[in-house]
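>>> predicted model, plus sequence, below.
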Amino acid sequence: MTTAVKRIFFVMAFVLLTACGESSASYETYHNQRYGYTVEYPVLLVAQGEATNQDGQKFISEDQAIELLVYRDYKNDYLSGGDLYSIEDVYQEHLSVSEGVFNKKLEDSSYIIEYKIDDILHTDYALLHGDNYFNIRFSYPEKDQERLQGTIEHVIKSLTLDPADLSAQGQEDGNAQAAGLADTFPAFLEGFLSDVYLRENFNHVLRSNDKTLATYIDPNMDVRRYYAPGTVAKLGSRAEDFGFTQGDDFSSQTKAGEAAVLEFITADVNPCDLDFYKNKIVYYKWLHELPELLVDMETFATKSVEVIYPAAEIMAVYIADSYGNPRGFYFINTPNGWKLAFVDDSLCQA
């Protein structure tokens, strides 16, 4: 099918969806096996494939103007022992970071917030079930608001959960190990933040052979640091002092000590687009592969970064640095558990 024909098909589908009434709209069904939830999405949106961690999926219109994201996550307060935030706490936090809110509603176990950024409208819906938050996020042009209202309501109402799947599905398929790793990682991350990162200046801790940090490092792998002395990232080992210079900060305390929320994000989220909201949010996600290194400025050839556990899972953590930019920490699942393997201070460089 040519691009022109696809575009015509999309326009016809959108017109039929909106002009013929909600009862005539056509939907496909997406079922998430890992977390046992189902949602219907309009046929005018194209499924993009499940996220690496199988928590959900994105659907985008042919012209890229309309996006739907459905996913599961959880929000907990690691500073108070990892207690789950209440629906009201999450609702208020969501409101505090949302600009241009024009509609909002909080119920016993769910909430909806609608807001406008430039000429794009956003509808965010969250449902709390047990310890899990199930999320539906729409973004679309303001001009399509009236046409899409019924569709958005339908998608939200179509969200159904299978409680049995929430606890048993991970044991029934090949995702059991990944599910367990994702569920236990927050507790590990809380320990790392409390024991190491929030204790004192991390650059100082890293280069001083700190004994506490050493418990979070695999001695056979050690830790390396991405840094960008110019526009090209390099990788520094301990023998190279991790690429640090005299101009780097080794004294100031991290501002992330005020962080209150661990938030899981899908694998396709760009860390440069994250909003750390006054350094109160720590993000983490599955990482399919480590960032490559540029080896030829003329051909832009790159090379992969190798580790001694090539098939191991990788989890990326993003914390705001003293300038509000994301600083990456890449943890490898080794035979002895999660271990810090890389620090990335080259993110979002010009």
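Right, received. Where do you want to start?

>>> ramachandran coordinates for the residue nearest to residue 54 when sequence neighbours are not counted?
Distances taken as C-beta to C-beta, 6 or more residues apart in numbering place residue 34 nearest to residue 54, at 4.3 Å, with adjacent residues excluded. Backbone N, C-alpha and C define where each C-beta goes, glycine included. The phi and psi values for residue 34, taken as degrees, to the nearest 10, are phi -60, psi -40.

>>> go on, residue 31?
Backbone torsions of residue 31, given as degrees, to the nearest 10, read phi -120, psi 130.

>>> hmm, residue 57 and the residue nearest to residue 54 touching each other?
No - the criterion here is C-beta atoms under 8 Å, and residue 34 misses it with residue 57 at 11.3 Å.

>>> residues in contact with the residue nearest the centre of the chain?
Centroid-nearest residue in the chain: residue 265, 1.4 Å away (criterion: C-alpha atoms, centre = their mean). By C-beta atoms under 8 Å, 6 or more residues apart in numbering, the residues touching residue 265 are 73, 274, 283, 284, 285.

>>> in the helix or strand where residue 123 lies, what counts as buried?
Following DSSP states H and E, one finds residue 123 within strand 120-129. Residues of strand 120-129 classed as buried: 121, 122, 123, 124, 125, 126, 127, 128, 129 (neighbour count, 16 or more other C-beta atoms under 10 Å).

>>> what pLDDT, on average, does the helix or strand just after it get?
Downstream of strand 120-129, the first helix or strand assigned by DSSP H and E is strand 132-141. Averaged over strand 132-141, pLDDT sits at 94.

>>> any idea of the angle strand 132-141 forms with strand 120-129?
Angle, strand 132-141 to strand 120-129, by axes from the mean of the first three to the mean of the last three C-alpha atoms, to 10 degrees: 170 degrees.

>>> state the mean pLDDT of the following helix or strand past strand 132-141.
Per DSSP H and E, the first helix or strand lying C-terminal to strand 132-141 is helix 145-158. Helix 145-158 carries an average pLDDT of 93.

>>> which elements pack onto helix 145-158?
Here helix 145-158 touches helix 3-19, strand 37-42, strand 120-129, strand 132-141, going by 3 or more C-beta pairs under 8 Å, 6 or more residues apart in numbering; DSSP states H and E.

>>> just the buried positions in it, please.
Of all the residues in helix 145-158, those buried under the rule 16+ other C-beta under 10 Å are 148, 151, 152, 154, 155, 156.

>>> got the CA positions of it in PDB?
The C-alpha atoms that make up helix 145-158 are tabulated as PDB, following Å, rounded to 0.1, in the frame of the first residue of the first chain:
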ATOM      1  CA  GLN A 145     -11.200  17.500  20.800                       C
ATOM      2  CA  GLU A 146     -14.900  17.200  20.000                       C
ATOM      3  CA  ARG A 147     -14.500  14.400  17.500                       C
ATOM      4  CA  LEU A 148     -12.300  12.300  19.900                       C
ATOM      5  CA  GLN A 149     -14.200  12.800  23.100                       C
ATOM      6  CA  GLY A 150     -16.400   9.700  22.600                       C
ATOM      7  CA  THR A 151     -13.400   7.600  21.600                       C
ATOM      8  CA  ILE A 152     -11.400   8.600  24.600                       C
ATOM      9  CA  GLU A 153     -14.400   7.700  26.900                       C
ATOM     10  CA  HIS A 154     -14.800   4.400  25.200                       C
ATOM     11  CA  VAL A 155     -11.100   3.400  25.600                       C
ATOM     12  CA  ILE A 156     -11.200   4.300  29.300                       C
ATOM     13  CA  LYS A 157     -14.400   2.400  29.900                       C
ATOM     14  CA  SER A 158     -13.000  -0.600  28.000                       C
END
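
>>> between it and strand 120-129, how many degrees?
With the same axes, to 10 degrees applied, the angle from helix 145-158 to strand 120-129 works out at 10 degrees.

>>> hmm, residue 65 is touching residue 138, no?
No - using C-beta under 8 Å, residue 65 is not in contact with residue 138, being 11.6 Å away.

>>> between the two, which has more neighbouring residues?
residue 138 (22 against 15; other C-beta atoms under 10 Å).

>>> run through the bridge partners of the more buried one.
Note on residue 138: beta-bridge partners residue 68, residue 123, judged by DSSP bridges.

>>> got a list of what it touches?
66, 67, 68, 121, 122, 123, 148, 152, 155.

>>> of those, closest to residue 220?
residue 67 (42.8 Å; C-beta to C-beta).

>>> what's the domain layout of this structure?
3-167, 176-344 (automatic domain parsing).

>>> low-confidence stretches in this protein?
1-25, 76-83, 163-183, 254-260, 278-279, 350 (pLDDT under 70).

>>> would you map the helices across it?
For the chain, the helices defined by DSSP state H cover 3-19, 87-96, 145-158, 163-172, 176-192, 202-207, 211-214.

>>> who does the last one touch, helix- and strand-wise?
Spelled out, it's helix 211-214. Applying 3+ C-beta pairs under 8 Å, 6+ apart, one finds that helix 211-214 contacts helix 202-207.

>>> residues of the helix it packs on that come out buried?
Residues of helix 202-207 classed as buried by neighbour count (16+ other C-beta under 10 Å): 202, 203, 205, 206.

>>> show me what that helix is packed against.
helix 211-214.

>>> and the helix it packs on, C-alpha only, in PDB?
The C-alpha coordinates for helix 211-214 follow below in PDB (Å, rounded to 0.1, in the frame of the first residue of the first chain):
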ATOM      1  CA  LYS A 211      33.700   0.500  50.800                       C
ATOM      2  CA  THR A 212      29.900   0.900  50.800                       C
ATOM      3  CA  LEU A 213      29.800   1.600  47.100                       C
ATOM      4  CA  ALA A 214      32.000  -1.500  46.500                       C
END
